[in-house]
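# what follows is a predicted protein model with its sequence.
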Amino acid sequence: MRYSNTNKLKQIQLEEDNYYVILDFDKTITSKTSLDSWMAILDFEVYGEECKKEIEELNSQYAPIELDYRLKDKVKEQYMAKWYQKSMDLLYKYQLTHSELQKALQKETLKFRKGAKEFLQKLYEKKVPVIILSAGIGNAIETFLNNEKCYYDNIYIISNFIEFKEDKMQKFTASLIHSMNKKIEGRLPETLQSMIDKKQYAILCGDIVEDIQMISREKIDRTITVGFLNEKIKENLKFYQQNYDIVLTEEEACFQEVEKIINIKI
């Protein structure tokens, strides 16, 4: 564990009713070895090796760009928009169905990060609002949490949702969320926005530097930010330390460590 902003951590005093939590999903709630929610919804025994090859080619082309923090934001944003649009087009091309999505997710291709399920349960018990803001597939997140019996009524999912009709994929229901435009502003229902506006503090957890944008700039001083650094640790540590209050790597990158932070404050 590496603390980047100990002064802020000392100043923020969390109590059960004065904070909310914002979480990324892929590689944050899920483990670094889990498939992402775009891949997990496709059973390649059904959709074939050609489909798998096309997705892997896209990922091998664009994933390194996502983790290249030397690139300017405007340049990276263009690449990410292309990556996510091409991934979406593949789902249309291979005519994803709701029933096959459900079957694929039964194969346990999504896996919790250590301690994540228990963390969600404790937040539910404390009645802490949890916002999952994800550039993944919202249908997969809902199905996964339901399958794990932890889609609690304090959890709100903001993500890329697919509309199905008579089992067939029809469209994505809103503008595409990708890793460079994951901002909470303007995405929340009024009732939820009103609820979190009354909270003094927030906790944010993500796995890429850009996840810090999930919270607005004016609230960052009242937010404990935790970054799970999954890949290229030596190359990227300084970028994470410049952006996150706490950086977790390797074995310590689990939600038990996040809980320790919360428990100290309560």
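Sure, I can see it. Just so it is clear, the model here is predicted, and its values are computed rather than measured.

# what about the closest residue to Ser216 other than its chain neighbours, how many neighbours?
Nearest non-adjacent residue to Ser216, counting by Cβ to Cβ, 6 or more residues apart in numbering: Glu185, 5.9 Å away. All C-beta atoms are positioned from the backbone trio N, CA, C, and that covers glycine. Neighbour count of Glu185, defined by other Cβ atoms under 10 Å: 10.

# kindly report the same for Ala202.
25.

# now the phi/psi pair for Asn154, please.
phi -100, psi 0 (degrees, to the nearest 10).

# checking Ala135 next. Helix, strand or coil?
strand (DSSP: H, G, I helix; E, B strand; the rest coil).

# that one and Ser175 touch, don't they?
No: when contacts are counted by Cβ atoms under 8 Å, Ala135 is not listed as touching Ser175 (11.8 Å).

# more neighbours, the two?
Neighbours per residue (other Cβ under 10 Å) separate Ala135 from Ser175, with Ala135 holding more: 25 against 9.

# enumerate every residue touching the more buried one.
26, 84, 159-160, 177-179, 182 (Cβ atoms under 8 Å, 6 or more residues apart in numbering).

# repeat that for Ile41.
Here Ile41 is in contact with 96, 101, 104-105, 137, 139-140 (criterion: Cβ under 8 Å, 6+ apart).

# with Ala202 instead?
19-22, 196, 215, 219, 222-224.

# how much space between it and Asn263?
17 Å (Cβ to Cβ, to the nearest Å).

# again with Ile162
For Ile162, the distance to Asn263 - Cβ to Cβ - is 38 Å.

# okay, the two: which has more neighbours?
Ile162 (20 against 10).

# next, give phi and psi for that one.
Torsion angles, degrees, to the nearest 10, at Ile162: phi -100, psi 130.

# spell out the secondary structure type for the residue nearest to Ser216.
Strictly by three-state DSSP, Glu185 counts as coil.

# what's the distance between it and Thr225?
Relative to Thr225, and taking Cβ to Cβ, Glu185 is found at 17 Å.

# Lys111 touches Lys32, doesn't it?
No: with contacts counted by Cβ under 8 Å, Lys111 stays clear of Lys32, the gap being 9.8 Å.

# all strands of the stretch 1-150 of the chain, in order?
Ranges of strands in the stretch 1-150 of the chain, per DSSP state E, counting those that start in this stretch, are 2-3, 19-23, 130-137.

# could these go into CSV alongside distance to Asn243 and mean pLDDT?
Output for the strands of the stretch 1-150 of the chain, formatted as CSV (distance: least, Cβ to Cβ, whole Å; pLDDT from 0 to 100):
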stretch, distance to Asn243, mean pLDDT
strand 2-3, 12, 72
strand 19-23, 14, 97
strand 130-137, 16, 97
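
# can you pull the poorly scored residue ranges out of the stretch 151-266 of the chain?
264-266 (pLDDT under 70).

# what about the helices in it?
190-197, 233-243, 255-265 (DSSP state H, counting those that start in this stretch).

# what's the most distant pair in the contacts of Ala202?
Pairwise distances across the contacts of Ala202 (Cβ to Cβ) peak at 14.9 Å, for the pair Ile196 and Ile224.

# more neighbours, these two?
Using other Cβ under 10 Å as the criterion, Ile196 and Ile224 rank with Ile224 on top: 23 against 18.

# which one is the more buried one nearest to, not counting chain neighbours?
Using Cβ to Cβ, 6+ apart, the nearest residue to Ile224 is Ile203, at 4.9 Å.

# what about that neighbour, distance to Leu35?
26 Å.

# now Pro129
Applying Cβ to Cβ to Pro129 and Leu35 gives a distance of 28 Å.

# if I look at Ser134, how far off is Lys238?
26 Å.
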